[in-house]
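K.L.:
From the sequence below, what's the structure:
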Amino acid sequence: MNRIVSLAKCTSAASAAEFALVLPVLLVFLFGIVDAGRFAWEYNKAEKATQAGARFVAVTDPIAPNLTNYNFATGGLTPGDTIPSSAFGTLKCTSTGCVCSVAPCPAGVGAQTGAWTQLVARMRQIDPAIQATNVQVEYRGSGVGFAGDPNGMDIVPIVTVSLSQMTFRPLTTLNMAFVDMPDFHPSLTAEDSVGSQSY
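P.N.:
Purely as a prediction, here's the structure:
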């Protein structure tokens, strides 16, 4: 009987038992801190890649095939008139083509595969996880530009590059679950829209 009582009062292994109880919680906190840092890194990469994509689209050849050559003076405006944003509407382009919100579409419905490939390649330089299906480009009227411009593209659209459906894989889930990242939508006003490089 004395041996049972002395065994119950024995505390020589108490610190090992307490450590065994605290260790899982400590590891979850540690990996949680690592995951928070990794998420911030991945978020920043995706955000910067999208911003670089918007800059690329604003200064290079348009994704929409006929946007450069379309003359708004043939679409009901007098040469020299300012192009209202309603005359253009929105034009959304993906890897499979473009869709207009107004008819007739001033930019055609196909997408220039060379310009699209260069855009995705530029974004992948910053975030290699980006796929062509994650990217969308939207052109919308800005009210800037004039019909029949002899020096270049008639309209100066607002360009938005969207990045969506990106995921993050936390370590704390043992790589068995994904966390959806938010979508990114930076916009810029188009510049010269000529060429194939941006800096």
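
K.L.:
hey, let's count contacts and neighbours off CA atoms from now on
P.N.:
OK.

K.L.:
Toward the C-terminus from the helix or strand hosting residue 124, list the very next helix or strand.
P.N.:
Per DSSP states H and E, residue 124 falls inside helix 113-126. Once the chain leaves helix 113-126, the next helix or strand it forms, by DSSP H and E, is strand 135-140.

K.L.:
re the thing from before, residues making contact with the helix holding residue 124?
P.N.:
Around helix 113-126, the neighbours that count as contacts under Cα atoms under 8 Å, 6 or more residues apart in numbering are 45-46, 48-50, 52-53, 56-57, 61-63, 95, 130-132, 135, 196.

K.L.:
Only whichever of these are buried, select them in PyMOL.
P.N.:
Buried residues among these (16 or more other Cα atoms under 10 Å), as a PyMOL selection:
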select buried, resi 45+46+48+49+50+52+53+56+57+61+62+63+95+130+131+132+135
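
K.L.:
From the contacts of helix 113-126, which land in helices?
P.N.:
45, 46, 48, 49, 50, 52, 53, 56, 57 (DSSP state H).

K.L.:
Hmm, residue 127 and the second one touching each other?
P.N.:
Yes - contact status for residue 46 versus residue 127: in contact at 6.1 Å, counting by Cα atoms under 8 Å.
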